[in-house]
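Engineer: build me a model:
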Amino acid sequence: MDRRALFQLGLAVVSAPSLALAAGKAIQANAHGARGDGKTLNTKSIQAAIDAAANAGGVVAFQPGVYLTGALFLKSGVTLRLDKGVTLLGSQNLADYPELPTRVAGIELTWPAALINVYKQKNVRIVGDGTIDGDGKVFWDSYWALRRKYDPKGLRWAADYDCKRPRLIQVFESEQVELAGPRLRRAGFWTVHVCYSHDVRITDIEIRNNEGGRGPSTDGVDIDSSHDVLVERIDVACNDDALCLKAGRDADGLRVARPTYNVVIRDCVVRDASAGITFGSETSGGFHDIKVSGLKVHHPTPVGILFKSAHTRGGTVSNIDIADMHLQDVFTVFRVNLNWNPTYSYAEIPAGMTDVPPYWRVMTQVVPPDQGRCRLRDVRIKDIKAIGAKTAFEVAAFSDLPLERFSFDNLDLDSQTGGRIANARDWRFTRTKIDTLDGKPPEVLDSSGVTGL
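Structural biologist: Purely as a prediction, here's the structure:
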């Protein structure tokens, strides 16, 4: 059986030699001058240890301590081992994160490196029981300061791009990457971003981005125009999307046209986020063959299952399987919003502004209407238990472009109201129980072939 078949079955491929190497003799960063005192900037020393390990195909390890550092770049064949008692602490100086070509929030642009970068590499591992702490509050504060200036000018859409904040871990144009074990804290921006990569395994990590404040846009795990990815046993609290599929934004995303596919997400806990599992809003390249199962989602997370896009995004979402979810006091069980957050989703340069960044011009390119609307079809959802919800369904698309062939099986939803389903075609419900205060099922509008409610 080949690697792709194994990922489709939800099985991770981890080579025995790599695990043995991670547990064996290591190159000590301390021997290259790294000091775990929480004050000394160790970027050059740790990078020297990484480079030495790359030459030997080896492991980088640390004595217990807190190691202040800027951006680090892992190399092919290297394992970064963070044992218990070891913390990598991100510098709060943006100058310690050199800018490089990447993709951020669906747009290709030059952006600060992440704290930990797997950038155009192969066969890289980040393992252990230690901690990677972005110490991101200074970047959160800078974002809110910019929002206070931008929002009154109609520039809400530009804030996330103009306020440059380092991600915690970036996997970009890489393959055969494993992230297993570390505790991830206080990311300045997204926590784990996998972009243009394949054969990636992310497992057994704890993400906490709400310690010492609520970090804006601190997504948990973003899988972006990548394939053959396994995400399992993630425990996440953040202030945006917890587990998210992305594939580019608007004209730039349609130009790149790289889908996200062959992804398995399973057995995760979402404690605080904008949704349990999110598709979008960057849908331009499309998603297909995605399997999600075994999620537990808790209040104050407002939505269990979320599909979001905008009428400039485009893309096709199909062949999605979601199963075995438990939602506790989550306000909305299932939401489809294809006109999501207009002040962020639709970019328009205010009249009279001419000296603007090049990516503003990219973001304001006109997308033809026939290319701009996202198409959703062939979604299968089963074995969903929700307790204490306010609304079961909040669903709408377009009258002339309905949501096609959704199936729901074995839903047990305790909800104050059934909510509303609009613009659906050929939706089938079987073994469905929606217990509402008024005893009414979801209202179905401008739809056809909806059966079983």
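
Engineer: average pLDDT for stretch 333-345?
Structural biologist: In this model, stretch 333-345 carries a mean pLDDT of 97.

Engineer: run the chain-centre distance for that stretch.
Structural biologist: 16 Å (Cα atoms, centre = their mean, to the nearest Å).

Engineer: so who does residue 373 touch?
Structural biologist: Residue 373 sits next to 311, 313-314, 338, 398, 401 when contact means Cβ atoms under 8 Å, 6 or more residues apart in numbering. No exception for glycine: its C-beta is placed from N, CA and C like everyone else's.

Engineer: what of residue 322?
Structural biologist: 277, 292-293, 305, 379-382, 384.

Engineer: quick one: which of the residues you listed sit in helices?
Structural biologist: Judged by DSSP state H, helices contain none of the contacts of residue 322.

Engineer: circling back to that earlier point, just the buried residues from the contacts of residue 373, in PyMOL please.
Structural biologist: In PyMOL, a selection of the buried entries from those looks like this (16 or more other Cβ atoms under 10 Å):
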select buried, resi 311+313+314+338+398
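
Engineer: count of neighbours near residue 28?
Structural biologist: Other residues within reach of residue 28 by the criterion other Cβ atoms under 10 Å amount to 14.

Engineer: please report how far residue 202 lies from residue 178.
Structural biologist: 8 Å (Cβ to Cβ, to the nearest Å).

Engineer: swap in residue 214?
Structural biologist: Taken as Cβ to Cβ, the span from residue 214 to residue 178 is 30 Å.

Engineer: which of those two has more residues huddled nearby?
Structural biologist: residue 178 (24 against 15).

Engineer: assumed the more buried one was part of a strand.
Structural biologist: Yes. Note on residue 178: a strand contains this position according to DSSP: H, G, I helix; E, B strand; the rest coil.

Engineer: tell me the contacts of it?
Structural biologist: 14, 18, 124-127, 200-203.

Engineer: restricted to strands, list the residues you listed.
Structural biologist: In strands, defined here by DSSP state E, the members of the contacts of residue 178 are 124-127, 200-203.

Engineer: what residue is smack in the middle of the chain?
Structural biologist: residue 222 (1.9 Å; Cα atoms, centre = their mean).

Engineer: before we move on, the earlier item: which of the contacts of residue 178 count as buried?
Structural biologist: Here, 16+ other Cβ under 10 Å leaves 18, 124-127, 200-203 buried among these.

Engineer: in TSV: those, plus pLDDT and distance to residue 332.
Structural biologist: What follows is these, written out as TSV (pLDDT from 0 to 100; distance: Cβ to Cβ, whole Å):
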residue	pLDDT	distance to residue 332
18	44	42
124	98	38
125	98	38
126	98	35
127	98	37
200	98	30
201	98	31
202	98	27
203	98	29
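
Engineer: quick check, nearest of the residues you listed to residue 349?
Structural biologist: Nearest to residue 349 among these: residue 200, at 36.3 Å, using Cβ to Cβ.

Engineer: ok, now which ones touch that closest one?
Structural biologist: Residue 200 touches 171, 174-179, 194, 226, 228-230, counting by Cβ under 8 Å, 6+ apart.

Engineer: between those, which is nearest residue 334?
Structural biologist: Closest to residue 334, out of all of these and judged by Cβ to Cβ, is residue 229, at 23.6 Å.

Engineer: show me what contacts the closest one?
Structural biologist: 7, 194, 197-202, 223, 262-264.

Engineer: what about it, which helix or strand?
Structural biologist: strand 227-237 (DSSP states H and E).

Engineer: ok, then the element right after that strand?
Structural biologist: strand 243-246.

Engineer: what about that following strand, average pLDDT?
Structural biologist: Mean predicted confidence for strand 243-246 is 98.

Engineer: check the offset of the next helix or strand after that strand from the chain's centre.
Structural biologist: Heading C-terminal from strand 243-246, the first helix or strand you meet, by DSSP H and E, is helix 250-256. Here helix 250-256 is found 19 Å from its chain centre; the criterion is Cα atoms, centre = their mean.
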